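Undergrad: need the 3D shape of this:
(2 chains)
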Amino acid sequence: MIGLLVLSIGVYMFTFTGKNLDFVLPRRAYKIWAMVLISCAIAYSSIVFQTISSNRILTPSIMGFDSFYLLLQSTLVFIYGDKTFQALSNSSNFMLSVTLMLLFAVLMYVFVFKKESKSIYILLLVGLLLGTLFRSISSFIAMLLDPNEFLYVQSSMFASFENIQINLLGISTLVLVGAMGWGTRYFRQLDVSSLGRENAISLGVDYNKLVRNNLMIISVMVAVSTALVGPITFLGLLVANLSYELFKSNRHREMIFGCCLLTCVVVIGGQYLVEHVFNMSTTISIIINFIGGIYFIYILLKTNRKS
Amino acid sequence: MIEVKNVSKSYGERVILNDISVSFPEGKIVALIGGNGTGKSTLLSIISRLVKKDEGEINLLNQDVFEMTHREFAKKLSILKQANHPNVRLTIRELVAFGRFPHSQGRLTATDEQKVDEGISFMRLTDIQHNYLDELSGGQRQRAFLAMLLVQDTDYILLDEPLNNLDLRHSVDIMKTLRALADDFGKTIIVVVHDINFAVSYADYIVALKNQKILYYGPTAEIIQEDRLKEIFDLEMRIISHDNCKYCIYFK
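TA: Predicted coordinates for the structure are as follows:
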């Protein structure tokens, strides 16, 4: 897997370079940096999310982060119109998005976890409902927008590694690596929690704390990666399930490491296709959603047949 | 010694347990009996901290269980609930090894490995220890989970209907195992059983719940009387004796 990753990075970096190496190579290096970063965040958050929700066909996108981000972007464009980019620099947009998404997450957790039931399914349900609400509002706003202004929104509707702000990479790396570092100490407890809530508690895991802290870690990761490249969490469904098939481990440390590598390969490969096969006529999230969607249906059919 | 003092629990309007007080003696098997919905499982869940109580106190060795750390508590008391479906594909050995988690936090030492070996052979699973759980029969799975509990090596073991879905032979097997755990290792075992005859044959004490309260609590021989059983289960029962053992007949 590591070999495959090195290969894909190599191919991405050094083919179709043209003559202007000084321009091309650093640009591509930055993109690879971003792609590796985002891939790891997605791999990590998807696997952990699937463990704590004990469900293999969910990704953190069900909590409504993607649609919240879309709503935010639509609202910004709605307020500022075609002056959006003058009024709000990319980095302040990034900061604003991350802060608001985290705020949204914290509010949701506080409201849901304050109740007696404390079930993660209530949280998912609330997230799903809010997500749909946000999506409807943003499509309503989209209707009100001038077609030219709508183009701004549209560019943020699909994930893309083309217009990543290099100055934001540093801080994102810091935040994501920090979150992952915090998360690694929970890996062994997560292993136990795949036996189910009751067995985990019987084995001395502070289950509520485990779920709460890991949801916070996931929120940070999803918020940062969404603000950086756009809604891409659906990718997690594809890579997480592929990893379960490929690595057949029940240890989170191995599984998450493997899944990170796999995601990097998929993302870099997808980006390569976008750049050199489709000549930029599409974005990576469309390719990923297409392949991921097909795979999703395949999983559904497969689980159906088993039961 | 586990002491339950004035514990109450309700979900919304529905009362599950109403002012329950009971203390469980050391090194004995106590059977919880009663009809459906009398709060047996909830009582077990509250003692093991799976469910929060509304009121009351639960003491383990004179210490409030809700003040103990999760890890400390898991070294003293373990519980097995009815439905166990791990989300991952595990072999018996991998499952049983999780039992050492409170002691080693997932890093197995040589002692841990040895304990796992002992637990597996005690439950007679050595031949199939590398088989996956989803390939096993219900009885084998149940034995695997019991082996995990055994390896956790707690003085107090709580079991919620361990005989569910088991055939007669495996049921007898498991009850004999519990008996051995209490007699040979001094474990305190609290077990929810539906079949009154298993309770009569293997338990030292019986706690009978009805209408969210404890109806009777005492040594098995005291509880097993026709009028009392009728009150507990709302069912006519006849008690017969055979080889100095009592059996309840209620099928017709």
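Undergrad: contacts and neighbour counts: CA atoms only from here.
TA: Will do.
Undergrad: helices of the stretch 151-252 of chain B, start to end?
TA: B:168-185, B:196-202, B:220-223, B:226-233 (DSSP state H, counting those that start in this stretch).
Undergrad: for chain A, which of those is the nearest?
TA: Closest approach to chain A among these (CA to the nearest CA): helix B:168-185, 18.4 Å.
Undergrad: contact partners of that closest one?
TA: Helix B:168-185 has contacts (CA atoms under 8 Å, 6 or more residues apart in numbering or on different chains) with B:27-29, B:139, B:143, B:162-163, B:187-189, B:198, B:202.
Undergrad: pull the most distant pair out of those.
TA: B:Gly27 and B:Gly139 (25.5 Å; CA to CA).
Undergrad: bridging residues for the closest residue to B:Tyr216 other than its chain neighbours?
TA: Counting by CA to CA, 6 or more residues apart in numbering or on different chains, B:Ala208 is the residue found nearest to B:Tyr216 once chain neighbours are left out, at 5.1 Å. Beta bridges link B:Ala208 to B:Ile33, B:Tyr216 when assigned by DSSP bridges.
Undergrad: residues from the stretch 101-250 of chain B in reach of chain A?
TA: By CA under 8 Å from any CA of the partner chain, the residues of the stretch 101-250 of chain B that approach chain A are B:101-102, B:105-106, B:152.
Undergrad: so can I have JSON lines of the helices of the stretch 151-252 of chain B showing mean pLDDT?
TA: Shown next, in JSON lines, are the helices of the stretch 151-252 of chain B (pLDDT from 0 to 100):
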{"stretch": "helix B:168-185", "mean pLDDT": "89"}
{"stretch": "helix B:196-202", "mean pLDDT": "90"}
{"stretch": "helix B:220-223", "mean pLDDT": "86"}
{"stretch": "helix B:226-233", "mean pLDDT": "87"}
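Undergrad: closest one to B:Thr42 among the ones you listed?
TA: helix B:226-233 (17.9 Å).
Undergrad: so what touches the closest one?
TA: Under the contact criterion CA under 8 Å, 6+ apart, helix B:226-233 has outside partners B:34-35, B:208-210, B:215, B:223, B:235-239.
Undergrad: residue ranges for the helices of chain A, please.
TA: A:2-14, A:21-52, A:65-80, A:84-87, A:90-114, A:120-144, A:147-157, A:166-184, A:187-193, A:197-202, A:207-229, A:235-247, A:252-272, A:284-306 (DSSP state H).
Undergrad: mean pLDDT for these: which is lowest?
TA: Within those, confidence is poorest for helix A:84-87, with a mean of 70 (mean pLDDT).
Undergrad: show me which residues of the stretch 151-300 of chain A sit near chain B.
TA: A:188-189, A:192, A:194-196, A:198-199, A:201-206, A:250.
Undergrad: what's around A:Ser225, how many residues?
TA: 27 (other CA atoms under 10 Å in any protein chain shown).
Undergrad: now it: closest residue in space, sequence neighbours ignored.
TA: A:Ile38 (5.7 Å).
Undergrad: next one: B:Val7
TA: B:Gly56 (4.1 Å).
Undergrad: where does that neighbour land in three-state SS?
TA: Counting by DSSP: H, G, I helix; E, B strand; the rest coil, the backbone at B:Gly56 sits in strand.
Undergrad: ok, now which ones touch it?
TA: Taking CA under 8 Å, 6+ apart, we find B:Gly56 in contact with B:4-8, B:19.
Undergrad: for the residues you listed, pick the one with the most neighbours.
TA: The most crowded member of the contacts of B:Gly56, judged by other CA under 10 Å, is B:Ser8 (22 neighbours).
Undergrad: isn't that one up against B:Val51?
TA: No - contact criterion CA atoms under 8 Å: B:Ser8 and B:Val51 do not qualify, at 11.7 Å.
Undergrad: for A:Gln165, which residues are in contact?
TA: Contacts of A:Gln165 by CA under 8 Å, 6+ apart are A:90-91, A:228.
Undergrad: show the buried residues in these.
TA: The neighbour-count test (16 or more other CA atoms under 10 Å in any protein chain shown) applied to those identifies A:90, A:228 as buried.
Undergrad: nearest to A:Ile122 among the residues of the stretch 151-300 of chain A next to chain B?
TA: The nearest one, if we look at these relative to A:Ile122 and count by CA to CA, is A:Gly196, at 17.2 Å.
Undergrad: what's the neighbour count on that closest one?
TA: For A:Gly196, the neighbour count with other CA under 10 Å is 20.
Undergrad: the closest residue to it other than its chain neighbours in helix, strand or coil?
TA: Setting aside the residues directly before and after it, A:Gly196 is nearest to B:Pro86 in space (CA to CA, 6+ apart), at 6.1 Å. Look at B:Pro86: counting by three-state DSSP, its state is coil.
Undergrad: the closest residue in space to B:Asp64 that isn't next to it in sequence and chain A: what is the separation?
TA: Among residues not flanking B:Asp64 along the chain, B:Ile58 sits closest, at 5.8 Å (CA to CA, 6+ apart). Remark: distance between B:Ile58 and chain A (CA to the nearest CA, to the nearest Å) = 16 Å.
Undergrad: report the contact partners of B:Ile58.
TA: Counting by CA under 8 Å, 6+ apart, B:Ile58 makes contact with B:2-5, B:7, B:47, B:64-66.
Undergrad: quick one, phi psi at B:Thr91?
TA: Dihedral pair for B:Thr91: phi -90, psi 170, per degrees, to the nearest 10.
Undergrad: who does it bridge with?
TA: B:Tyr132.
Undergrad: now do B:Asn165: how many residues are near it, please.
TA: By other CA under 10 Å, the burial measure for B:Asn165, its neighbour count, is 13.
Undergrad: pretty sure it contacts B:Gly138?
TA: Yes - with contact defined as CA under 8 Å, B:Asn165 reaches B:Gly138; the gap is 6.8 Å.
Undergrad: pull the distance from stretch A:44-59 to the chain's centre.
TA: 12 Å (CA atoms, centre = their mean, to the nearest Å).
Undergrad: again, but for stretch B:73-91
TA: With CA atoms, centre = their mean, you get 12 Å for stretch B:73-91.
Undergrad: ok, B:Asp117 - contacts?
TA: Going by CA under 8 Å, 6+ apart, B:Asp117 touches B:Thr126.
Undergrad: what does B:Ser123 show for phi and psi?
TA: I think there's a mix-up here, since residue B:123 is Met and not Ser. According to degrees, to the nearest 10, B:Met123 has phi -90, psi 10.
Undergrad: read off the pLDDT value for it.
TA: Per the predicted model, pLDDT is 85 at B:Met123.
Undergrad: from what I can see it touches B:Phe145, true?
TA: No - using CA under 8 Å, B:Met123 is not in contact with B:Phe145; the gap is 9.8 Å.
Undergrad: out of these two, which sits in the more crowded spot?
TA: Counted by other CA under 10 Å, B:Met123 and B:Phe145 do not tie: B:Phe145 has more neighbours, with 22 against 19.
Undergrad: which residue sits closest to that one, ignoring its sequence neighbours?
TA: B:Val96 (7.0 Å).
Undergrad: tell me the contacts of that neighbour?
TA: So B:Val96 contacts B:116, B:119-120, B:144-145, B:147-149, B:151 (CA under 8 Å, 6+ apart).
Undergrad: between these, which is closest to chain A?
TA: Using CA to the nearest CA, those come closest to chain A at B:Leu149, 8.9 Å.
Undergrad: got the end-to-end distance for stretch A:273-288?
TA: In stretch A:273-288, first residue to last residue: 11 Å (CA to CA, to the nearest Å).
Undergrad: now do it: distance to the chain's middle.
TA: In terms of CA atoms, centre = their mean, the centre of stretch A:273-288 is set 18 Å apart from its chain centre.
Undergrad: same check on stretch B:25-33?
TA: That offset, for stretch B:25-33, works out to 9 Å (CA atoms, centre = their mean).
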